[in-house]
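# turn this into a model:
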Amino acid sequence: MIRHAAQSSGNVLAQRESDMGAAAAAVLIKERHIVDAFIRAGAVSAERARLPEDVGADVGGLGWRRLRNRAVVREATPGAGLYYVDVEVWEATRRRRRQVLIAIFILLIAGVVFVFARR
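Numbers count the residues shown, from 1 in each chain. The predicted structure is shown next:
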């Protein structure tokens, strides 16, 4: 009975981790769609800023808030509602994410090597 409960709670934990990973991936995909929409519309400078609705950007979600907080999507003039993508900030954000993933991968490989070296 106790073993079954432990297995069940392990399954729940694995499912939660899987759900969190999927949610994180969904947010990243949404960010990419928003940025791509502005770039396709040519809204890559304050002079070429556009309304989010005009480019098809969803402003109601976490992806939008994260892009705004990181200054990837900027408002051209405060209060005007016109936005553009700062391409340099977007590229820097993507580089940083890539660096973090590479570091995690290296640590994972080092951990595996360490475990097998101790056998």
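# isn't Arg50 up against Ile39?
No: judged on Cβ atoms under 8 Å, Arg50 makes no contact with Ile39 at a distance of 11.0 Å. Yep, even glycine has a C-beta here, placed from its N, CA and C like the rest.
# quick one, what contacts the residue nearest to the spatial centre of the chain?
The centre of the chain sits closest to Leu28, judged by Cα atoms, centre = their mean, with a distance of 3.0 Å. Counting by Cβ atoms under 8 Å, 6 or more residues apart in numbering, Leu28 touches Gly63.
# same check, this time on the one 10 residues further on
Taking Cβ under 8 Å, 6+ apart as the definition of contact, the neighbours of Phe38 are 44, 50, 55, 57, 73, 83-85.
# next: Ala46.
74, 76-77, 84.
# phi and psi next, for it.
Ala46 adopts backbone torsions of phi -60, psi -30, taken as degrees, to the nearest 10.
# ditto for Tyr83
According to degrees, to the nearest 10, Tyr83 has phi -130, psi 160.
# same deal with Pro78?
Dihedral angles (degrees, to the nearest 10) for Pro78: phi -50, psi 130.
# relative to Ala23, how far out is it?
Separation of Pro78 from Ala23 (Cβ to Cβ, to the nearest Å): 31 Å.
# so which of these two has more stuff around it?
Ala23 (11 against 6; other Cβ atoms under 10 Å).
# state the helix or strand in which that one lies.
If you go by DSSP states H and E, Ala23 is part of helix 2-40.
# show the average pLDDT along that helix.
What helix 2-40 shows for mean pLDDT is 75.
# burial count for Val27?
Residues near Val27, counting by other Cβ under 10 Å, number 15.
# what residues are up against it?
Contacts for Val27 (Cβ under 8 Å, 6+ apart) come out as 61-63, 66.
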